[in-house]
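Colleague: Whatever this is, show me its structure:
(one chain, ligands or ions: 2)
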Amino acid sequence: MTESLDRSEAPCDSVRVELGARSYEILVGRRLLVRAGQLIAERFAGRRCVVVTDSNVARAHLAALEGSLASAGVKTTSIMLDPGEQSKDFDHLEVLIERLFEARIERSTLVIALGGGVIGDLAGFAASIVLRGIDFIQVPTTLLAQVDSSVGGKTAINSRFGKNLIGSFHQPRLVLIDTDALDTLPRRELLAGYAEVVKYGLIDNPTFFAWLETNGAALLAGEPTARRHAVVTSCAAKARIVAADERETGVRALLNLGHTFGHALEAETGFGPALLHGEAVGAGLGLAFALSSRLGLCPAPDVTRVTRHLAAMGLPTTIADLPERPWSAARLIEHMTHDKKVRAGRIAFVLARGIGGAFVADDVPIESVRSLLAEFIDRGAAPARASGATS
Ligand code: NAD
Ligand code: GLY
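Modeller: Ligands and ions are numbered 1, 2, ... in the order given. Next up, the predicted model:
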């Protein structure tokens with residue numbers, strides 16, 4: 001990780017994703033949207049751009065990006081899509097691809113994904129298949145996208161059989177992270193992204209987790225130095241893991257900590273606004289640590305620290321904190337069996353020997369998972385519910 005000065009003399013951090021000929025930089029700093037034109041022009045001279053965004057992000061940030069590209073002499077067309085997870089489907093992909101052709105893209109055209117994980121995944125996937133693959137740049141505007149989805153090259157749309165089942169690995173050529181873009185992000189979305197930040201501390205960085213225990217509230221309140229430290233630390237962790245295992249045949253699976261439970265919870269609520277991805281991951285982190293403790297792997301005080309911190313920030317940590325519904329352990333396990341991470345019929349869980357001690361296990365007795373879920377569901381149904389419900 002280095003700190004560099006761009007031509008406007010404002011410092012930004014640079015994290016490199018080392019992937020040989022496909023290596024790229026992640027630039028993190030304040031006011032990067034208004035500097036994006038210059039940063040792109042000096043790296044991709046003479047290339048035309050198509051910005052893909054959604055209507056919420058467009059309202060808040062498109063003018064700044066377009067203005068900056070125009071000032072740097074970069075020819076640009078913009079395409080605006082509907083916001084939300086429902087845009088990650090074949091219909092919206094087709095619309096986007098037709099709009100790209102209407103914009104007369106060529107092999108040298110750069111797609112710029114300006115938005116959260118939905119726009120990044122969708123625009124990245126479109127870029128990976130049009131004209132047999134063209135370059136794209138990620139300009140993430142949610143915390144989740146800044147610390148996770150914009151880095152690592154996973155692109156996807158959803159199928160009626162499950163989330164992110166149709167996609168490709170297509171690495172961006174550059175990731176530009178303007179931490180000030182988070183100023184306009186709704187609090188609930190910010191909090192959902194925070195669960196992915198916590199994940200990096202829990203995987204292998206107990207020092208970062210301890211830093212979050214002290215500084216998480218400041219980060220969420222928008223304190224610039226805290227934001228920057230959290231985003232840079234998260235990106236550096238993701239860059240290291242992706243460089244070691246781009247196609248998720250090994251260590252990259254650790255990034256799924258909390259996600260086996262989380263995806264099942266999301267599937268049960270229909271991948272809609274009732275439960276955001278990051279909220280499901282928050283509950284999933286709590287459940288993964290509870291399961292690790294149940295299996296005799298993780299000391300109980302570590303489980304308490306994890307759930308106490310997530311709850312203190314306002315995230316769900318268990319099923320009792322989720323929207324009321326008739327939860328069923330059997331149905332949640334059924335969802336898990338459809339997960340991409342199932343290998344030879346076995347459900348893979350990321351467990352932990354403590355904070356910072358995550359590992360992948362594919363031999364977890366399903367009965368232990370069932371009884372844990374049943375117990376937490378019963379606890380949620382009991383009159384003395386845990387406080388901190390999120391929606
Ligand atoms: P999102 O893209 O839907 O954005 C959340 C909401 O915030 C949207 O309504 C959006 O319009 C709005 N928004 C975005 N930036 C804003 C800003 N700065 N100001 C105001 N509003 C803003 O959701 P997300 O949480 O960013 O991403 C979730 C998606 O990411 C899921 O589809 C998930 O599968 C995917 N994902 C992908 C990866 C990966 O590695 N590719 C990793 C994690 C998640
Ligand atoms: N978000 C998980 C990954 O990129 O592998």
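Colleague: C-alpha only now, for contacts and for neighbours.
Modeller: Noted.
Colleague: Between the two ends of stretch 327-343, how far is it?
Modeller: 26 Å (C-alpha to C-alpha, to the nearest Å).
Colleague: immediately after the helix ranked longest in the chain, which helix or strand?
Modeller: Criterion DSSP state H: the longest helix present in the chain is helix 224-244. Downstream of helix 224-244, the first helix or strand assigned by DSSP states H and E is helix 259-268.
Colleague: What angle do helix 259-268 and the helix or strand following that next one make with each other?
Modeller: Tracing the chain past helix 259-268, the next element assigned as helix or strand by DSSP H and E is helix 277-294. Relative orientation of helix 277-294 and helix 259-268, computed by axes from the mean of the first three to the mean of the last three C-alpha atoms, to 10 degrees: 130 degrees.
Colleague: Buried ones in helix 277-294, by neighbour count?
Modeller: 277-293 (16 or more other C-alpha atoms under 10 Å).
Colleague: for stretch 290-309, same thing?
Modeller: 290-293, 297-299, 302-303, 306-309.
Colleague: For that stretch, the averaged confidence score.
Modeller: For stretch 290-309, mean pLDDT is 97.
Colleague: roughly how far is that stretch from the heart of the chain?
Modeller: 24 Å (C-alpha atoms, centre = their mean, to the nearest Å).
Colleague: residues in contact with that stretch?
Modeller: 213, 286, 289, 317, 351-355, 368-369, 372 (C-alpha atoms under 8 Å, 6 or more residues apart in numbering).
Colleague: Show the pLDDT at the closest residue to Gly222 other than its chain neighbours.
Modeller: Computed as C-alpha to C-alpha, 6 or more residues apart in numbering, the closest residue to Gly222 that is not its neighbour in sequence is Asp183, at 7.1 Å. At Asp183, the pLDDT value in this model is 98.
Colleague: For Asp183, give its distance to ligand 2.
Modeller: 23 Å (C-alpha to the nearest ligand atom, to the nearest Å).
Colleague: what's the closest residue in space to Leu285 that isn't next to it in sequence in contact with, if anything?
Modeller: Once flanking residues are discounted, Leu285 sits nearest to Gly258: 4.1 Å by C-alpha to C-alpha, 6+ apart. Counting by C-alpha under 8 Å, 6+ apart, Gly258 makes contact with 199, 281-288, 350.
Colleague: for the residues you listed, which one is nearest ligand 1?
Modeller: Nearest to ligand 1 among these: Val281, at 10.0 Å, using C-alpha to the nearest ligand atom.
Colleague: That closest one against Leu255, yeah?
Modeller: No - counting by C-alpha atoms under 8 Å, Val281 does not reach Leu255; the two are 11.1 Å apart.
Colleague: joint contacts of the two?
Modeller: In contact with both Val281 and Leu255: no residue, using C-alpha under 8 Å, 6+ apart.
Colleague: which residues in the chain form helices?
Modeller: Under DSSP H, the chain gives helices at 36-43, 55-57, 63-71, 90-102, 117-129, 143-144, 187-204, 206-221, 224-244, 259-268, 277-294, 300-313, 329-337, 366-381.
Colleague: Nearest to ligand 2, out of those?
Modeller: Among these, helix 224-244 sits nearest to ligand 2 (C-alpha to the nearest ligand atom), with 7.5 Å.
Colleague: Where does the prediction get shaky in the stretch 251-391 of the chain?
Modeller: For the stretch 251-391 of the chain, applying pLDDT under 70 flags the ranges 340-341, 380-391.
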